[in-house]
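[1] Provide a 3D model corresponding to the input given below.
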Amino acid sequence: MLKFGTTSVATHAKRPEKPTLESGETPRKAGKEACETRSSYWSRTPIPDTLACPGCREMLAKVCLITLFAPLLVSIFPRTTGAIIKLSQSARKLLHVALKFCAYFKSSITRPRKLIVCAAEYGRRGADGRSASVPSSGMPGGDIRVRLSYAPEKQNSVQVGGEGTLNGTRWEVRRDQNLFLNVKGGDGGNGGRGENGQQGGQGSRGLDATKHSDATPGGPGAPGGNGGYGTDGANGADAGNIFITVAEDDLDTLSSVFWELNGGKGGFSGTHGQPGEGGVGGQGGRGGRWDDRVGDHTRTITRGNAASGPQGPPGMPPATYLSGGQSGRTGSSQVRVIKRDLTEATYPKRYMLKVVSFDVVDENEDAINEPGEHIYIRNLIVENFGGMPSPKYNPIKIAVHGSEWLEPVTATFLPEEIQVGARVKVPGEIKALIKNETANRAPSSSLFIHHEVSLIASFERLERALPEFHVGGGAPIQIQYPLQLSPPRHLDCVAKGDNVRFSWTLKNISTKPYGVQTQHGRYAATRLTDPDSVFNLKYASGESSADDVIDELLPGAEVPIDQDLMVSSSAMEYSDSVLTLDLMLSDPSKVQKGTPSVLSARSVMTHLIKMQISGIYQYNPRSRYLLVVNSGTPNKAIHQIIKFIRTGLQLDVDIYNISLTGSFIDPETNTNVLSRYEGKSIIIYGNSLPYFRAGNRNPWDLMDAWEVCRLAKAGTNFLFASATDPNSLHQWGSVLAFPTPSTATPSSINAENLASLLENLKPGKSAPDNTHTYHKFTAKMNPAFGCFSNLESTLLKNSHAAAKKLNKAYPLRRYIARPDLVTDAKKSSGSVIVSEGLSKSANILASKLPHPELEWITEYHMYTIVSCLPFSDQARIFWNLVGQWDKQGLPSTTVYNGLPHLLESKPIDLPVYAINEKVFTAICMSIEFKIGTEITRYCDKPSWPSPISAADIMAHLPLLSQLFTVTPPSTLLSSTERSEFLVSTLGTIAGALRPIGFSQGWNNIFGIKIRKSQVRSQTTQSMNLALSRIFAPDALSTVQKSIQTAAKDTKQAIKKSKQPDNNLSLVLRSKFDAFTNTTGAVPDDLTEGTATNYTISQGWSRNDLLTHRQKHAGRHNKIVADEAHSRNVIAEHLNPEDEDEDEDGDEDEIRRHEVPPSTQTGAAYHEKAQQAFVEQVMAQSSNALSPTSPVEMPTPAFSPVSPVTPAELPSFDPDKISTIVTVAPAELPASQNEKLAAQPTVTAVELQAN
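    Numbers count the residues shown, from 1 in each chain. Okay, the predicted model is just below:
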């Protein structure tokens, strides 16, 4: 069916036999569809646009026909089946090759390329391209005449009757539809593209050379054909006209009508064809060679090839200019109104009303828009920017647009007959309710909502909204509560029996006073609730809550509130208690003057106060473990560790919570807690902790690294469990390696030279350094250098030399050699100070994995705790298990035989438990790890020749020496039963000492890098001696053979691991992963160091020393500052003094008063300050929609913002109209919001004009 406004498009130049393009398509689509039509005409296989040559197209068409009709020919002539099939296959191959070739040169419509066409015949001029066809103009839009009316029997519906050519046709427009009249003119067709000219023919071929004449050049190529002419774009058609007739009583029906009056757009201009290229010049004649015999002589005649002919000239491009079509003229609209007295009035368009400005005022006028409160719309100004007065007999109701926060309550009506261009003030006011919150807010989040107040105008009879009434944003308002509750100040961790204080503040941000004693009588209070009944509330108003009621809180005032609580002595240690702090405020819609509205109070803000209930630290000299936790430590992890140590190891453990004190200083003794556990095991849980409202801290941030080093050198074992920030821990560990305090005292070693110092430092000749002492040796200037040397450089040189020799002589000990700071530079000799750092045999580990939520500890954390035992205890337990190992476990008396300090540490209040077999496995693995690491570090960079004699080897390997010297005195065992673990562990150690690979065997033979062979020899002797104290001779021989077999297996495992330095680490890691069921989670060893200069002994200059001391001093000063801050916060909240008791002795009554400003000097100043605050709040909370000039007001567009359903609507301007009548969703008043929210768009009818 042909419609008005049909668009026409010119076709491209093409052969007469091709199908023509249908009108009504765009240029790009027309070009594309031309290709598709041509393809479907010839074959099912697409043919590229580049095949412009008729010969190519005809050839491909025949191939396609053969391919398509081959099955039909086979059925008709069965005897020729084979021939037909071969013909079809050949045709398909030819078609495939041709299409590939053509597709390679395919041109794009948006970016034309050179068309590949066949050239003209030899010597002939190329054919001219044909011109494109002329496009057709768009068809003009027709006229539409309709009459609008309202039928009472069909409520909310508009009756539409056709007039003129539509006479007798009727439509019904329901409330959820709109009437769209479209008389837009048709768009003009786009211009066509001319055909390209054909390439000229090739020139004639030149004559070949003869014996008597040269070859002639080829002829010139023929000229190319001229390009075809493109065509101009066609003009768009004029739009039609719209005529609407309506009675004066039915003017509300015009709100459902929209139209389109634009003329058609002119078509785009076409393009000319490209001229054909000139023909290729003819090939020159070929030369030759001849022999000419003259008498007895022969001569050779040679003539070369002739040149090719020149290329022919290209064709001429069209010289005309192409232009686009012109757009059609805009149509017109006319609204004819039949009044009650049967007179008529004509208008160019309908009435259109919009909001200019209005004020939003809250109900109690405190400048706060609070949930549960009403708001009022006042001083509403409306303008008619349409083409006729507003209806006289159809009331227009105005209400607040309902939203998620606003609910309309009352409405008002517009004045009648607002004239065109007039602005009127609407009498009365509009009321709406701010809805209460329906969803729970997150704790500690205050309510602050940016919202907009929009208005909706609707006809009562039709229940249809005017979509242009309030287009754009509404008046902004902020929805919040008049009182603000600050986050409570409290401790993160409290101990049983503590008397603690919580404090918070309440601020009035409104312009009116609040409280039960004010004129409004608004109930306001804070409520602290203890749902778990862990605390005894001092001022409790109920069993588990305490209310602080506000009598009067003036505008801008802020009142501090505190509450004292006592932690119940029956509270569970290391559990979390959550208290709730609520701001209670009565509903403003239920307030009665003079009566406190307690019953309507609801919580408008909530803070959750989470605290850890901790035990009280008590030092127990029998405890072998100290567990350091904090408020951020998972309680499940604390209970797992305590339960394992007390029941799994049958040892006592002390627990210290740094969140109770803020430091490692015991407030009872004012000493460092760690110093009490020298030579024992200290477990520090490595999670980050909230530090008294000063951000987060790691536990090691509060630890003096040099004190930890001193304790580690004294045999104290450290474990940082589940460290969450390993990078920070390793940075702290870099300060740990070399303690060089300025307060250090000299030792008894004051050697004359370096050799004497090295001799005095041998194991056994000097006492262990547990107090950061330092040694000295004298260094003298070389007189041979004279003035070319000074004492400072001499001492520095001797410091570096001392460091190198110390590394060779003591590979498992760290030293710092440095010039003495007090040396007189004028003298010829001075002192070099040597300080011992952290030994590589110390035990400081850091585990990586967190504790899972389980009742019992996992094997991973079991290993880390067992590995934290002193090595001497692990070694003695290892030998105690020989012949006693039991999969069901063993009693502690057997396991700890010969270890009275462990037997005394058994918890008194617990029954006797058997120690699990997994503990024994963990001890064996720990021994393998520690000794394997010690051997690797000792043999890491051996010197040659070695300064360590074979007899002194075991003295330099303290862990390996301890393992073989702590064997218990007992009756010799005649059987090797229950000793498999012994064979496995000692076989692993022996296998790590065997030479692996050609290089180690070669070095062993020639005595190069002999440390490993020396250790192997001494270890074998010590091992056999230790085994001889355990087993009888027959059993000893069996055990030794089993150990050698296990050593071979270990050696093969090391080879398979392909470790670069052939050590034991990868083999042990695989064992660890299998035991703990983890991957790559072996605990870090902090004694190894992170930086290269902290792994071995070093020679430092004065500047190096000062830099290191400054680094430590910076950390120490931060620790001191943190300790002072934590003491102040703890004093504020722990065991506070009650300052609110009345002089009359009534301690239970607490009164809250606002705190006046510090500069307040009297009532006059107080009143002035309050007035200034109110004026400031009023200035910042203006809710008026500012007036907008008619020029700035947005013109209603095709898609106005709908107060109910955001349906897309056409333009309201009479410049845009059409011949198509469409019914779309309408806008309804707020009362119909829910009813129409899900109704779909319905198209009622499309009208045709004659």
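
[2] just checking: what are the partner strands of the helix or strand hosting Asp564?
    Assigned by DSSP states H and E, Asp564 belongs to strand 558-567. Paired neighbours of strand 558-567 in the sheet (DSSP bridges): strand 499-508 (antiparallel), strand 535-537 (antiparallel).

[3] what comes up buried for stretch 1038-1050?
    Val1039, Gln1040, Ser1042, Ile1043, Gln1044, Ala1046, Ala1047, Thr1050 (16 or more other CB atoms under 10 Å). Bear in mind the C-beta positions are built from the backbone N, C-alpha and C, glycine included.

[4] same deal with stretch 212-232?
    Neighbour counts using 16+ other CB under 10 Å place 214-232 of stretch 212-232 among the buried residues.

[5] looking at this protein, which strand is longest?
    Across the chain, the longest stretch assigned as strand under DSSP state E is strand 601-614.

[6] next helix or strand past it?
    Using DSSP H and E, the helix or strand that follows strand 601-614 towards the C-terminus is strand 625-629.

[7] I'd like the distance from that next one to the chain centre, please.
    Computed by CA atoms, centre = their mean, to the nearest Å, the chain-centroid distance of strand 625-629 equals 36 Å.

[8] start the count at 200, not 1, going forward
    Understood, numbering begins at 200; the last thing we discussed is strand 824-828.

[9] each with direction, which strands does that strand pair with?
    strand 852-856 (parallel), strand 880-884 (parallel).

[10] quick one, which of those strands gets closest to Thr470.
    For Thr470, the closest of the strands paired with strand 824-828 is strand 880-884, at 79.2 Å, according to CB to CB.

[11] what mean pLDDT does the closest one get?
    Mean pLDDT, strand 880-884: 97.

[12] distance between that strand and the chain's centre?
    On CA atoms, centre = their mean, the centre of strand 880-884 falls 35 Å from that of its chain.

[13] now swap in stretch 822-830 and tell me
    In terms of CA atoms, centre = their mean, the centre of stretch 822-830 is set 36 Å apart from its chain centre.

[14] list the buried ones in that stretch?
    Of the residues in stretch 822-830, Ser822, Arg823, Tyr824, Leu825, Leu826, Val827, Val828, Asn829, Ser830 count as buried by neighbour count, 16+ other CB under 10 Å.

[15] and stretch 775-790, by the same measure?
    By neighbour count with 16+ other CB under 10 Å, stretch 775-790 contains the buried residues 776, 778-788, 790.

[16] quick check: the two most widely separated of those?
    Ser776 and Ser788 (36.3 Å).

[17] about what we covered before: tabulate the strands paired with strand 757-766 (CSV), appending distance to His1307.
    CSV is the format used below for the strands paired with strand 757-766 (distance: least, CB to CB, whole Å):
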stretch, distance to His1307
strand 698-707, 42
strand 734-736, 48
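
[18] how about these, which one is nearest Ala756?
    strand 698-707 (5.5 Å).

[19] show me what the helix or strand containing Ile1242 is packed against.
    When elements are assigned from DSSP H and E, Ile1242 belongs to helix 1232-1256. On a contact count with 3 or more CB pairs under 8 Å, 6 or more residues apart in numbering; DSSP states H and E, helix 1232-1256 meets helix 1179-1191, helix 1210-1227, helix 1264-1275.

[20] of all those, which one is nearest Asp327?
    Each of these has some distance to Asp327 by CB to CB; the shortest is helix 1264-1275, at 84.0 Å.

[21] distance between the closest one and the chain's centre?
    35 Å.

[22] who are the packing partners of the helix or strand just after it?
    Downstream of helix 1264-1275, the first helix or strand assigned by DSSP H and E is strand 1283-1284. For strand 1283-1284, the elements it packs on are strand 1043-1045, judged by 3+ CB pairs under 8 Å, 6+ apart.

[23] buried sites along stretch 1076-1087?
    For stretch 1076-1087, the buried set under the neighbour-count rule, 16+ other CB under 10 Å, comprises Ile1076, Phe1077, Trp1078, Asn1079, Leu1080, Val1081, Gly1082, Trp1084.

[24] no further questions, thank you.
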